[in-house]
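Undergrad: Pasting the sequence and the predicted coordinates here, then a few questions.
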Amino acid sequence: MSLFLSLNNKITNFFANKVFALAFTLVLFLFVVLILYSCSNKQVSLDSDITTIDFLSGLNNPRVVDLSEIASNVEYIPLETVEGALIGRYPKVSIGSNRIYVISARKEVKIFDIRGNYLFTFNRRGRGPEEYLYNQGFKFDLESGNIIVNAFMPSSIGMDSKVNNYDSLGNFLFSEQRAMVDSFFIESPIRIDEDLYLGAVPQLSKNKLDFFIVAFQKDGSIIKKISAPLITQQQEEHIQKSIMVAPLPGQSAPVINLTPTLYSLPTFTRVFSKYVDTLYSLDSNLRYKPEFIFNYGNIRADGTIPKGAKKGEGKFVTLNESEYQEWENFIFFNFRLNGYSFEPYERSIGVKSRVTTIKHTDSYALFNKESAEFSFMKQPIKGKLGFRDNLKGGPPFIPQFITEDGSYAVSLLSAGEVLEHAQSGKIKGEFAKIASKVDEMDNHVVVLVKLK
């Protein structure tokens with residue numbers, strides 16, 4: 001009898017342990033599922049410091065985005081139309097130190113005061129000691145108004161790289177020799193402090209570089225190298241074919257490197273590339289970390305083009321790096337959606353007395369860094385991209401420039417664009433008053449948006 005009871009107890013304990021283990025496993029499984037669901041809903045990855053940008057959700061739910069979502073006010077400032085003030089083709093605008101700077105394809109800067117009154121044109125191209133023959137871009141000191149030019153001049157050793165500094169009136173101040181960093185010059189470096197700079201590696205170099213960002217001092221001494229992210233063989237081949245460069249006589253052809261875009265913000269630098277699904281931050285202490293990652297699902301978004309795909313077609317998307325804008329609470333993207341485009345549009349351009357119509361599939365998208373909402377932006381007006389101006393009734397707004405402190409966004413409208421929108425018959429308020437005073441031969445109008 002005692003043997004029977006002992007055996008019965010063992011059997012009971014065995015099944016009790018099994019039930020307990022099963023129950024424990026089930027509870028643990030439900031706990032993990034709950035955590036994953038919670039993270040999924042908040043668009044935050046299991047690493048709580050990395051936020052997921054849900055590209056698929058945004059693509060499946062495009063919407064018209066009002067300007068009032070990001071801005072509290074918009075102001076339209078007509079630029080004075082006087083001799084010497086007219087802006088050339090493909091203009092880009094920026095503001096600072098109560099001035100408006102407009103750079104055109106002629107590589108000169110038209111400078112206006114903040115009310116649009118013309119001041120002067122800055123252009124110091126030449127071969128003199130205070131001039132530059134070529135430049136890689138202009139920068140403007142937001143406090144002093146000084147003009148900074150990344151300049152190139154021919155020299156006995158090839159092209160001499162300098163940074164020329166001019167005062168707010170365009171008078172020459174001084175020139176700084178740009179040091180070589182690891183045998184190459186850094187284009188448009190970002191200044192972190194008095195003797196610390198950041199730069200992306202050049203697209204072309206004699207030898208393949210295994211890093212893609214470098215922190216360096218004024219004399220070229222390297223402080224830190226940031227390794228390039230791993231990419232596929234297909235991406236590597238695409239990068240090498242993206243630029244065809246003929247070698248100089250007696251020299252081997254240069255190699256092409258993965259070069260990121262560096263976007264300067266008040267407390268850190270944003271680092272990204274169309275070949276990588278992750279957006280990184282690099283602060284003044286040179287701490288480098290991933291911050292956002294795209295969820296592309298099964299969509300091809302690795303920066304390459306499928307074999308045989310035609311322009312505007314094919315099942316792939318590409319991030320347009322040059323259109324990127326970011327400020328405190330938002331990131332503004334542009335993607336070429338190709339076969340995934342939900343609103344393709346056409347633009348006509350004149351080429352040698354002929355008019356050519358080109359299909360476009362690009363769309364803008366807005367990411368809210370606080371809520372993690374990612375929205376593709378539908379066209380407010382057919383064929384017109386950007387934010388719908390529900391504040392003053394103007395044309396759709398696309399920011400060209402964000403001030404360093406994130407207070408203002410700026411863009412330009414040509415006189416033709418102003419009149420075209422006015423003739424649509426859907427305008428009222430302040431924009432209607434501005435449009436009524438614009439002639440087709442007038443200068444551009446600056447759109448100044450106060451960001452929230």
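TA: Looks like it came in fine. Numbering: from 1, shown residues only.

Undergrad: ok, and the closest non-adjacent residue to the most centrally placed residue in the chain?
TA: The centroid of the chain falls nearest to residue 324 when counting by C-alpha atoms, centre = their mean (1.9 Å). Computed as C-beta to C-beta, 6 or more residues apart in numbering, the closest residue to residue 324 that is not its neighbour in sequence is residue 263, at 6.1 Å. (C-beta placed from N, C-alpha, C; glycine too.)

Undergrad: ok, the strand or helix carrying that neighbour: who's next to it in the sheet?
TA: Assigned by DSSP states H and E, residue 263 belongs to strand 261-264. When pairing is defined by DSSP bridges, strand 261-264 lines up against strand 268-272 (antiparallel).

Undergrad: ok so, going back, from residue 93, how far off is the residue nearest to the centre of the chain?
TA: Distance of residue 324 to residue 93, computed by C-beta to C-beta, to the nearest Å: 17 Å.

Undergrad: now do residue 411
TA: Using C-beta to C-beta, residue 411 is found at 7 Å from residue 93.

Undergrad: Next, show the common contact partners of these two.
TA: Counting by C-beta atoms under 8 Å, 6 or more residues apart in numbering, the contacts common to residue 411 and residue 93 are 400-401, 446.

Undergrad: out of these, which one sits closest to residue 117?
TA: Of all the shared contacts of residue 411 and residue 93, residue 117 sits closest to residue 446, with 11.9 Å by C-beta to C-beta.

Undergrad: okay, the closest one: pLDDT?
TA: Residue 446 carries a pLDDT value of 97.

Undergrad: Return the backbone torsion pair for it.
TA: Torsion angles at residue 446 (phi, psi; degrees, to the nearest 10) stand at phi -90, psi 130.

Undergrad: Can you classify the closest residue to it other than its chain neighbours by secondary structure?
TA: Of all residues not flanking residue 446 in the chain, residue 77 sits nearest, at 4.3 Å (C-beta to C-beta, 6+ apart). Here residue 77 is recorded as strand under DSSP: H, G, I helix; E, B strand; the rest coil.

Undergrad: Any idea how many residues pack against residue 77?
TA: 19 (other C-beta atoms under 10 Å).

Undergrad: show me where pLDDT drops low in the stretch 101-250 of the chain?
TA: The model of the stretch 101-250 of the chain has pLDDT under 70 over residues 153-160, 246-248, 250.

Undergrad: what about the strands in it?
TA: Applying DSSP state E, counting those that start in this stretch to the stretch 101-250 of the chain gives strands spanning 109-113, 118-122, 134-140, 147-155, 158-166, 172-177, 190-193, 196-200, 204-205, 211-216, 222-227.

Undergrad: of the ones you listed, which approaches residue 235 most closely?
TA: Within these, the stretch nearest residue 235 is strand 211-216; the backing value is 13.1 Å (C-beta to C-beta).

Undergrad: Give me the angle between the closest one and strand 268-272.
TA: Comparing the axes of strand 211-216 and strand 268-272 via axes from the mean of the first three to the mean of the last three C-alpha atoms, to 10 degrees yields an angle of 160 degrees.

Undergrad: Strand 211-216 pairs with which strands, and in what direction?
TA: Strand pairing for strand 211-216, using DSSP bridges, gives strand 196-200 (antiparallel), strand 222-227 (antiparallel).
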